[in-house]
Every structure is written in structure tokens, then in C-alpha cells.
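A.B. asks: Next come a sequence and a model predicted from it.
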Amino acid sequence: DAKTTQPPSMDCAEGRAANLPCNHSTISGNEYVYWYRQIHSQGPQYIIHGLKNNETNEMASLIITEDRKSSTLILPHATLRDTAVYYCIVRVLTQGGSEKLVFGKGTKLTVNP
Amino acid sequence: SQTIHQWPATLVQPVGSPLSLECTVEGTSNPNLYWYRQAAGRGLQLLFYSVGIGQISSEVPQNLSASRPQDRQFILSSKKLLLSDSGFYLCAWTSFSGLNYGYTFGSGTRLTVV
């Protein structure tokens, strides 16, 4: 089962910041938070990940609360091409020492002109 | 650089026919490999993962099986397809190389069972 909950859908105006929330209240101390997005009929695309510090790259920023129970993905200037389903995922460690990503239902972000 | 290949891109198969989908990774060694399925309008469901040759972990009981005959080859199979096997199948890999950029997904195979 996914360890994250996200709103099913959000809207954002083109050029404005898109803030996508995610709750992961049962996250363990060594589990990373990953964000992916999926544009229709394509494989998921990696966006960003973090453990406990805020992270920023050329695509987005990731803000993780101090208690690590929630996080927010920020797209600073959303464009129409950012319309996609955004997945917040906790990387789960398996009993065999491996890992896996368990996807939830994600947030359908629609960027409007 | 690392790349992942997945084929075919689309496939239409009759109920009861066999299935073989192949995924290969280039530019890395000893990757962790994963098969996901996405039914129409649904999220991604993890089916199988493998940490090495011949090592397969199944996430959900189903009509499918997976094999890893070589380090960078991952195969998804079925002896007899069901209508419910239709979906978008994605292969992914990750490696504990220290860069930790997460999982890289292939372009997927859209399977329609008729």
C-alpha cells in the first residue's frame, strides 16, 4: 500500500507557482520522498527527491516539514506542458535489503492559460 | 550514459495467448529492475522486482511471471492472457551508484487483450 496521500486534482494558472501537497505521516527515518510526474501515455519522469532537507533543482523545489510527515512540491512558474499527474512516493526498503517505489493515485495538475 | 529499452510499444493479443515483454538496460551493471502495470485511468501497480540474476520478488498474485536471465534483462511473461491483463506495462531500473537519482522508467508497452 502507498504510504502517501495527495489531493486527486488541482488547477493552476500559467506562469504562477504550483504547490502540490503530500502527506506521509508514517514515513520512517531513513525513507526518502520522491516526486515523479506522468504525462498521458508516457513513462513517469523523475522530478526531485529528498530526505529531510529542502531541495531544489532545475525543475522544482521540494519543501519537507521538520517532522517529515508532509512535503510540498513547488513548480515556480507553471507552463501548459506541466499538466500531468504528479506522484509523491516514499521509497520503501524491502526485507531483502532492496527497495521499491509504491505509487499512490497522484494529483492531476491542470495548468490553465 | 544509462538507457532503458522496452518493446514492443503496443501489442494486441487474443485471450488465452502467451505474452513476452522484454526490457533491457544499458550503461550500468547490477541494476534493480521493476515491472509496473497501469490499468486505464488508474495508478501504477508494482508487479515484480529483481535485485539480481534469477532473483524475482512478486508483489501481487496474478496471471503473470517475470524472469531475469541476464544482469540487464528483465522479461515479463504469461502463458495465457486474460482480458484483465490489458494495461500499460512499464519497466524501470535503479542502481545504488551513489548518485541516487531515483528510478528511470522505460517508454512502456500498451497491451490490449481482445
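C.D. replies: Cool, got the structure.
A.B. asks: which one is residue 5 nearest to, not counting chain neighbours?
C.D. replies: Using chain A here. Sequence neighbours aside, A:Asn23 is the residue nearest to A:Thr5 in space, at 4.7 Å (criterion: C-beta to C-beta, 6 or more residues apart in numbering or on different chains). No exception for glycine: its C-beta is placed from N, CA and C like everyone else's.
A.B. asks: Switch to chain B, please.
C.D. replies: Per C-beta to C-beta, 6+ apart, closest to B:His5 is B:Thr24, 4.9 Å.
A.B. asks: just B:Gln62 next, same as before
C.D. replies: In space, B:Gln62 is closest to B:Leu47, 7.1 Å off (C-beta to C-beta, 6+ apart).
A.B. asks: Just give me the neighbour total for that neighbour.
C.D. replies: For B:Leu47, the count of nearby residues is 20 (other C-beta atoms under 10 Å in any protein chain shown).
A.B. asks: on that earlier part again, ok, what's across the strand from the residue nearest to A:Thr5?
C.D. replies: A:Thr5, A:Ser70 (DSSP bridges).
A.B. asks: Repeat that for A:Leu93.
C.D. replies: For A:Leu93, the beta-bridge partners are A:Glu99 (DSSP bridges).
A.B. asks: does it really touch A:Asn30, like I thought?
C.D. replies: Yes - the pair A:Leu93 and A:Asn30 qualifies as a contact (C-beta atoms under 8 Å) at a distance of 7.1 Å.
A.B. asks: Which of these two has more residues huddled nearby?
C.D. replies: A count of neighbours by other C-beta under 10 Å puts A:Leu93 above the other of A:Leu93 and A:Asn30, at 13 against 8.
A.B. asks: Now do the contacts for the more buried one.
C.D. replies: Each residue near A:Leu93 by C-beta atoms under 8 Å, 6 or more residues apart in numbering or on different chains is listed here: A:30-31, A:99.
A.B. asks: Could you do A:Asn19 as well?
C.D. replies: A:Asn19 makes contact with A:72-74, according to C-beta under 8 Å, 6+ apart.
A.B. asks: Just the pLDDT for it.
C.D. replies: pLDDT recorded at A:Asn19 is 98.
A.B. asks: Find the helix or strand that it is a member of.
C.D. replies: Remark: A:Asn19 resides in strand A:18-23, with elements defined by DSSP states H and E.
A.B. asks: Pairing partners for the following helix or strand past that strand, with directions?
C.D. replies: The first helix or strand that comes after strand A:18-23 along the chain, using DSSP H and E, is strand A:33-38. Note on strand A:33-38: by DSSP bridges, its sheet partners are strand A:45-50 (antiparallel), strand A:84-93 (antiparallel).
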